[in-house]
Each structure stands twice: as C-alpha cells, then as structure tokens.
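Participant: task: produce atomic coordinates for the following.
(one chain, ligands or ions: 1)
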Amino acid sequence: MTQEAAFTATIEKDQRIEPRDWMPDGYRKTMIRQIAQHAHSEIIGMQPEGAWITRAPSLRRKAILLAKVQDEAGHGLYLYSAAETLGADRGDLTRRLIEGRQKYSSIFNYPTLTFADVGVIGWLVDGAAICNQVPLCRSSFGPYARAMIRICKEESFHQRQGYELLMTMMRGTEAQRDMVQDAVNRWWWPSLMMFGPPDAESPNTAQSMAWKIKRHTNDELRQRFVDMSVPQASALGVTLPDPDLRWNPEREHHDFGEIDWSELKRVISGDGPLNAERIEHRRRADEDGEWVRSAAAAHAAKKQGVRG
Ligand code: BYC
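Facilitator: Prediction:
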C-alpha cells in the first residue's frame, strides 16, 4: 500500500492520523493553520474578559473569572503543543500572529463594556465555541481531537458560569436587566459570525470535510447554535436582537435574519473595533516575557551541561 493510500484508508475508517504518520502537505498545512488560529484565539480571548478581573463586583466573581481566564491560557498551550507535533514552532506562530500573518477569531475584537459582557461571553461565545468544538473531538488529527476533549469539558463549565451570572443579574434590579439585554444586543450577531463565512463562500470547508478535519459545515453549526440559544434566551428573559428569528415547522429549525458579512470581512481583515489594541497588547506581553523565556532556556541548557 502506498503512503497516500494508507492515509486515505485511515481517514475512511474514521481512525486518527498521528504526528509520525505520512500525510499530504496540504493536510499538514491546513491542520497547522486551523490549530494555530484556534490557539491564538484562546490567548487573545483572555483579553476581553481579563479586563474585568480587577473590577469584578465580588471576591467570588473575581475568583471564578481568574479561573476561567487561566483555563483559556491552558487551552492555548495544549493547542500550540498540538501544532508543534506537526513541526510548527511556537515562537514562530506567535510572531506570525503579532505580524498579522495568522488569524484569530473575529469575536475577540469587540469591547467588553460592562460586567454583563462577561456573562454573555460565557453564555454565547463559549456556547458557540462548544457547538463548534464538540464535533472537533472526532477530528481526524489525533493530538487535536484529544486536546479538544479536555477543552470542551472546561468550555461547558465556562458556559454555565456565564449563564449563572446572567441569571443572577436578571433577578436583580431593572438597571442590571437592561445591562444584560444591552450586552446580548451587542454580542448576538458577532457570535453568529464566529462560525465563519457562509458555506458557499467558505474556501476551506470542502477539503476539510473530505479529510474529516471538520465534521460539519459552518452553516450547519451556526444553525445548531441558533436552535440551542433560542430556548435559553427565553428562560433567561432576554430578547435576541433579530426580528426575523422564528421557528420554521417545515425545516424544524429556526429561521434567522441576514448576517452582515461585510462586518465579518472587515473584522477578519484587521479593521474591527479593537484589532489594533488586541495585537499591541499581545506584542507587549511577548516582549515583557522575553527575559523569562531566555532564563528558562539558559537554565535548561545549564542542566543539560551538568548531566553531560
Ligand atoms: N474569525 O474557509 P473558512 C474560543 C477565516 S476560541 C476569524 O470557513 P475554515 C474561546 C478562516 O480562518 C474560538 N477568521 O475556514 C476562547 C479562513 O482564513 P484562511 C476559535 C475566520 O478554517 C476564549 C477564512 O476565514 N475557535 O472558543 O474551514 C474564550 C475562510 O473561512 C473566522 C476555533 O478556532 C472568524 N470567525 O473554518 C472564549 C475553532 N471564520 O486561514 C472562547 C477551530 C473564518 O484561509 N476552527 N475565518 O486565511 C474552526 O472550526 C474553523 O477554522 C472555522 C473556520 C470554523 C473557524
């Protein structure tokens, strides 16, 4: 059997491709692209919520938020490690992010204006992430699929903390309820954009589905997310900001309004509300951490020398 036939047979049998297996260059390139983009999203994704750690309204909320943001750092680290099994170098991936040569999720370029945004990120953004990532536990690349299992467990805790925070605010004052509704109004459409462009304009979906990297298309997952969110919004007592949102008994799914794709394009291409700030913050953190990385490398080299 040729190497290529062995690769195809592994995919067809729904088994995993492992780092030492032969794989087409395109598969390796696609996996590095998706894993790196995902890792960058986790790391940049620490910023919008991280901004509220010093201003959390109670010790309990501060401890929860610290734990969540720390989990996101952990997810970034597993994912960079998964990319390294494919021959990528973490320092190089970080450089590409800072130089705008690799992408991260559009959603993290929006500002967190009130504490209700922390709850809405947990509910909607982590909810969308779960919808997208649960099928990735069956992705064909072994290290990515295995990393996703733990990430999804933690994401589901993140989503619950967001929903619980919002439930608490909805039981509070009129001003708190207004704050929640305002946050939902601002985050709903960008959350739908997280799933990527519509299938007809998604250049990578067909090949990624054939390689079983992606198990569902962008539109399928977006629909699943809308259907899941509608009853949750009604239990919470908020209105989703879409006058065209309604149950379609024939399709047995919710219909929803047209997404502003020009906004997604703008944000992806670097012109969203906070793209420049997010990258600048990441660049500064990388620079500030340089002495730690050099010290760790010098220490490792010294220990290696002692061992001889
Ligand atoms: N934002 O052909 P398509 C999290 C890019 S972290 C920016 O459909 P694909 C969390 C796409 O990369 C959330 N770029 O691509 C963390 C491609 O560009 P290139 C991150 C986007 O890869 C902290 C081009 O547009 N999750 O959950 O087949 C706190 C065409 O798109 C976006 C992941 O990364 C976007 N929204 O499908 C809370 C999950 N959408 O590279 C939460 C893993 C598309 O060809 N990734 N692009 O120049 C995926 O599942 C897939 O990569 C996507 C896109 C569904 C995102």
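Participant: could you report the pLDDT at the nearest residue to His40 once chain neighbours are set aside?
Facilitator: The spatial neighbour of His40 that comes closest, neighbours along the chain excluded (CB to CB, 6 or more residues apart in numbering), is Tyr104 at 3.8 Å. Bear in mind the C-beta positions are built from the backbone N, C-alpha and C, glycine included. Reading off the confidence values, Tyr104 has pLDDT 98.
Participant: Tyr104 belongs to a strand?
Facilitator: No. With DSSP: H, G, I helix; E, B strand; the rest coil as the criterion, Tyr104 is coil rather than part of a strand.
Participant: and it, how many neighbours does it have?
Facilitator: Here the count is done by other CB atoms under 10 Å, and Tyr104 has 23 residues near it.
Participant: residues in the protein within reach of the ligand, list them.
Facilitator: The chain has residues 33-34, 37-38, 41-42, 45, 72, 103, 105-106, 125-126, 129, 132, 193-197, 202-205, 208, 214, 218, 268 near the ligand, with proximity defined as CB under 6 Å from any ligand atom.
Participant: out of those residues, which end up buried?
Facilitator: Applying 16 or more other CB atoms under 10 Å to those, the neighbour count classes 33-34, 37-38, 41-42, 45, 72, 103, 105-106, 125-126, 129, 132, 193-197, 202, 205, 208, 214, 218, 268 as buried.
Participant: distance of the residue nearest to His40 relative to Asn275?
Facilitator: Using CB to CB, to the nearest Å, Tyr104 is found at 10 Å from Asn275.
Participant: kindly report the same for Ser81.
Facilitator: With distances taken as CB to CB, Ser81 is found 27 Å from Asn275.
Participant: compare these two and say which one has the larger neighbour count.
Facilitator: In this comparison of Ser81 against Asn275, neighbours counted by other CB under 10 Å, the higher total goes to Asn275 at 20 against 14.
Participant: what's the burial count for the nearest residue to the more buried one once chain neighbours are set aside?
Facilitator: Nearest-residue entry for Asn275: Asn109, 4.9 Å, with adjacent residues in sequence omitted and distances by CB to CB, 6+ apart. By other CB under 10 Å, 24 other residues sit near Asn109.
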